[in-house]
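S.K.: missing the sequence, but the structure's below:
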């Protein structure tokens, strides 16, 4: 089975083609260029490297969030368009779980997180190769997350590019309990996205149109509009 994987949930971009568990081609990059500029050329490049065309794939996997609103919308829109045009199943995978899967061999707890601004994070914690959920993915304050993690006796490995922003706060609360992944594990990989998607039943084609990202909170502009709208109604 041939998969196309698309990961655009945050600043890094990753696109991969995997056939029967073997990576044929993969791009992982972390530049300042927007995904609207880089994603389609990256997809074209992995098809070229794999010596395949879009009609050759059997399914598409995409990061469904949480993460950057813009990044998620770009990736999901491209994935939905391809899936509908090619009539291929579209599978969504948690962007936090994709990141955590880089460290699946770690024996303690794996905490993947993204910066959500104002000392808030998108985060989840997992354990073991099967990535058993310890703390469900959510949007909340960093302080609350660290207090939750402090209750466990395990060592906790933090994964993600944004971890560095919070390293001092993490160490203050968790001390020696906190460990930090090497930089090589902090970039999400579309091949890992596909690996996770393959563990679940394939969605039907009918679900393509209803597929939407999981944001876990309103965009700031949407939240302000809703607040103002509610004031006007009251």
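M.R.: Structure received. Remember, predicted model here, so these are calculated numbers, not experimental data. Residues are numbered from 1 along each chain as shown.

S.K.: rest of the way, CA atoms for contacts and neighbours
M.R.: Fine.

S.K.: in stretch 182-189, what counts as buried?
M.R.: Neighbour-count burial for stretch 182-189 flags 185-189 (criterion: 16 or more other C-alpha atoms under 10 Å).

S.K.: would you turn these into JSON lines with pLDDT and secondary structure?
M.R.: Below are the buried residues of stretch 182-189 laid out as JSON lines (pLDDT from 0 to 100; DSSP: H, G, I helix; E, B strand; the rest coil):
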{"residue": "185", "pLDDT": "97", "secondary structure": "helix"}
{"residue": "186", "pLDDT": "98", "secondary structure": "coil"}
{"residue": "187", "pLDDT": "97", "secondary structure": "coil"}
{"residue": "188", "pLDDT": "97", "secondary structure": "coil"}
{"residue": "189", "pLDDT": "98", "secondary structure": "coil"}
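
S.K.: which helices and strands sit right next to the longest strand anywhere in the chain?
M.R.: The longest strand of the chain (DSSP state E) is strand 132-141. Secondary-structure packing of strand 132-141 (3 or more C-alpha pairs under 8 Å, 6 or more residues apart in numbering; DSSP states H and E): strand 120-127.

S.K.: Given the strand it packs on, what are its sheet partners and their directions?
M.R.: According to DSSP bridges, strand 120-127 has the following sheet partners: strand 109-115 (antiparallel), strand 132-141 (antiparallel).

S.K.: can you map out the strands along this protein?
M.R.: Under DSSP E, the chain gives strands at 2-7, 13-19, 22-29, 59-65, 90-94, 109-115, 120-127, 132-141, 156-159, 178-180.

S.K.: coming back round to it: quick check: mean pLDDT of the longest strand of the chain?
M.R.: Averaged over strand 132-141, pLDDT sits at 97.

S.K.: neighbouring contacts of it?
M.R.: Residues from elsewhere that reach strand 132-141 (C-alpha atoms under 8 Å, 6 or more residues apart in numbering): 96, 109, 116, 119-127, 216-217.

S.K.: related to what we said a few turns ago, using TSV, lay out the strands of the chain together with mean neighbour count and distance to residue 41.
M.R.: Below are the strands of the chain laid out as TSV (neighbours: other C-alpha atoms under 10 Å; distance: least, C-alpha to C-alpha, whole Å):
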stretch	mean neighbour count	distance to residue 41
strand 2-7	28	12
strand 13-19	24	10
strand 22-29	18	11
strand 59-65	27	16
strand 90-94	25	20
strand 109-115	28	26
strand 120-127	23	29
strand 132-141	16	31
strand 156-159	25	28
strand 178-180	20	33
